[in-house]
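Trainee: I need the structure of the sequence given here:
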Amino acid sequence: MADGDDLDFNPFFQALQTTFKLQYSIARQKCHLVCIPTTDTLQGTAINQRFVETHILRTSPFFQGQYISTDKDGSKVIAVEEGNIITLEGFQEEAKVRILSEELAYNEDYKPYKILVVERPLDGTSQAPVPRQRSQSFLGDSQRISYQENQQYLFSFPEYRKALVRLDRNITEFKNNYMIVSGYLDHAVDKLQGICQQAVEDLLKLSKRERQIDVIAQAVESYVVGSVHTKVWQAVCQQCQKEESLLQNKLEELRGVTGEQLGVKEAFCCPLPGAIVELATLDGLKTPLEKLSCLKRTLDSVNEEVNSHLRENQDPTSDDLPCLVSDDLILLLVPVLVQARSLHLPSNIFYIENFQWSLSSKDDLGFSLVTFKASMEYMMSADFHHLRATMSPTQKNNEISIPELMQAAQHMTLQPRPGEWVGRGATAEPDALGKMTSFDRKLESITRMMERSSQELAAAPLPLKSITGETGDKQTRSGARGEQVPDVIPLKKTDSSGLGDFLSSLQDDFGCSYGKQT
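Mentor: All right, here's what the predicted structure looks like:
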């Protein structure tokens, strides 16, 4: 959360999941807007029925961008404008409350609803934020996504120094001495998990921060797996080589196929350049958390771009917009996967599933992973030859190019900070390369990955054979001598006649329902 606010410890968010569980369940079901004041501003505030109804709001049927409180009289009205909430009616005075962050969550029907973290309660009853002594290492969980951020978090605690020296020694020993045998990758998984568990135990003994065990465990995992990424990633790609070859055939077969041809509702068919740009960075990320976050951002981008398209083409006489559900997302992701050239998607899914142990499978990140796996299995199992046969030569090559990708990326939120160099890509002066912003570095990375994927597609043979029902070798994950070990991830044989069946088939694989759970 922004400014270090952690929803897991926010008293109002906790109350919604306990004391006011029914109200929160209704809010999720009806996709209401949920506003969460920061923890600091809730000290001394009575969280009661009235407070809950003021901060859970339904969409106004009269004015776009306005919301009405959920008390029986609908006595309060707010407007969301340019990163702020404006209190319009029912409050003591008109005020502007800043939105610190926005989360897109999903209910049990896989419909999205928004959670806004705001700087203070909307009714103005809070006390002034109480200054608190904050450790330099205290960062919001959403800010600790990358390998570097988690590394900085761990090393910012002086009391962790002794345990981290031991952890670094174990990491170095794994990198230099541990041999990953083909077909026995599960041994490496167990080895790294053991290193992480030992490190978490050591850190908790030194700090006594039992309350933050999940935070520490995630930081340790990101640091350990990120440190050995190069070695492990090569082994993962080798193990998933067969699946990637099959996927490559499908990506080539689906070049130029549109969402409308796949059965996407006409209202949802629109260009998705932002999602393609985001997904193109997936292979270059180090940790499972980084990759999961990339998948979530890709889904968020799909939702945002489709909703923007719907608003632009909305019937002026109607206030309701069609809602994307899971089956729509599965189909919409297919052209995104094709244009982003996601050759290593099987390896990425295997890497995420096997090299992270502390993340919940029942949150937005888990939902994102299940959605991508469902889309990949749909691509693997369905027969698209009839679509390819009806396409024109122009349509077959209707794929986003590198220059078009760069142009689309300029519309994303990766903007340079004030005073930074704003040159772009190939037009940059040679002596300005050292002044590249994060935007330029990410854009250059995307371009390199896209070009490399294009070369892989062009160089690899493309046998035209059906892969429907091909499941790979049926082997166990044990790895003990005399037992069979998988060379690839077995694929489920899926009925391509109805996409809804993907959700039930994947439920058993992941141990959770498809979507965000509480």
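
Trainee: What's the mean pLDDT across whichever strand or helix holds S368?
Mentor: When elements are defined using DSSP states H and E, S368 is found to belong to helix 364-381. Across helix 364-381, the average pLDDT comes to 89.

Trainee: Would you mind confirming that P271 makes contact with V302?
Mentor: No. With contact defined as C-beta atoms under 8 Å, P271 and V302 do not form a contacting pair (11.1 Å). All C-beta atoms are positioned from the backbone trio N, CA, C, and that covers glycine.

Trainee: ok so, going back, tell me what the helix holding S368 is packed against?
Mentor: strand 96-106, helix 241-253, helix 288-312, helix 326-339, helix 345-354, helix 500-510 (3 or more C-beta pairs under 8 Å, 6 or more residues apart in numbering; DSSP states H and E).

Trainee: wait, which of these is closest to T87?
Mentor: Shortest distance between T87 and these, using C-beta to C-beta, is found for strand 96-106: 7.1 Å.

Trainee: Pairing partners for that closest one, with directions?
Mentor: In the sheet, strand 96-106 lines up against strand 84-89 (antiparallel), strand 112-118 (antiparallel) (DSSP bridges).

Trainee: Make JSON lines out of those strands and add distance to V277, mean neighbour count and mean pLDDT.
Mentor: What follows is the strands paired with strand 96-106, written out as JSON lines (distance: least, C-beta to C-beta, whole Å; neighbours: other C-beta atoms under 10 Å; pLDDT from 0 to 100):
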{"stretch": "strand 84-89", "distance to V277": "28", "mean neighbour count": "18", "mean pLDDT": "93"}
{"stretch": "strand 112-118", "distance to V277": "21", "mean neighbour count": "19", "mean pLDDT": "92"}
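
Trainee: winner for burial among the helices and strands packed on helix 364-381?
Mentor: Mean neighbour counts were taken over these using mean count of other C-beta atoms under 10 Å, and the top value, a mean of 24, falls to helix 326-339.

Trainee: now the angle between helix 345-354 and it, please.
Mentor: With axes from the mean of the first three to the mean of the last three C-alpha atoms, to 10 degrees applied, the angle from helix 326-339 to helix 345-354 works out at 120 degrees.

Trainee: which sections of the stretch 251-400 of the chain are below the confidence cut-off?
Mentor: 318-319, 360-363, 388-400 (pLDDT under 70).

Trainee: and if you look at the stretch 51-200 of the chain?
Mentor: Counting by pLDDT under 70, the low-confidence segments of the stretch 51-200 of the chain come to 125-143.

Trainee: tell me the strands in it, going along the chain?
Mentor: In the stretch 51-200 of the chain, strands defined by DSSP state E, counting those that start in this stretch lie at 56-59, 66-69, 77-81, 84-89, 96-106, 112-118, listed in chain order.

Trainee: Of all these, which one is nearest W357?
Mentor: Proximity of the strands of the stretch 51-200 of the chain to W357 was assessed by C-beta to C-beta; the nearest stretch is strand 96-106, lying at 23.4 Å.

Trainee: Quick one: work out the angle between the closest one and helix 364-381.
Mentor: Regarding strand 96-106 and helix 364-381, their directions subtend 40 degrees when assessed with the same axes, to 10 degrees.

Trainee: picking up where we left off before, would you turn the helices and strands packed on helix 364-381 into a markdown table with distance to V200?
Mentor: As requested, the helices and strands packed on helix 364-381 are arranged in a markdown table below (distance: least, C-beta to C-beta, whole Å):
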| stretch | distance to V200 |
| --- | --- |
| strand 96-106 | 27 |
| helix 241-253 | 32 |
| helix 288-312 | 15 |
| helix 326-339 | 34 |
| helix 345-354 | 18 |
| helix 500-510 | 24 |
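
Trainee: looking at those, which is closest to Y24?
Mentor: Minimum separation from Y24 across these (C-beta to C-beta) falls at strand 96-106, 11.0 Å.
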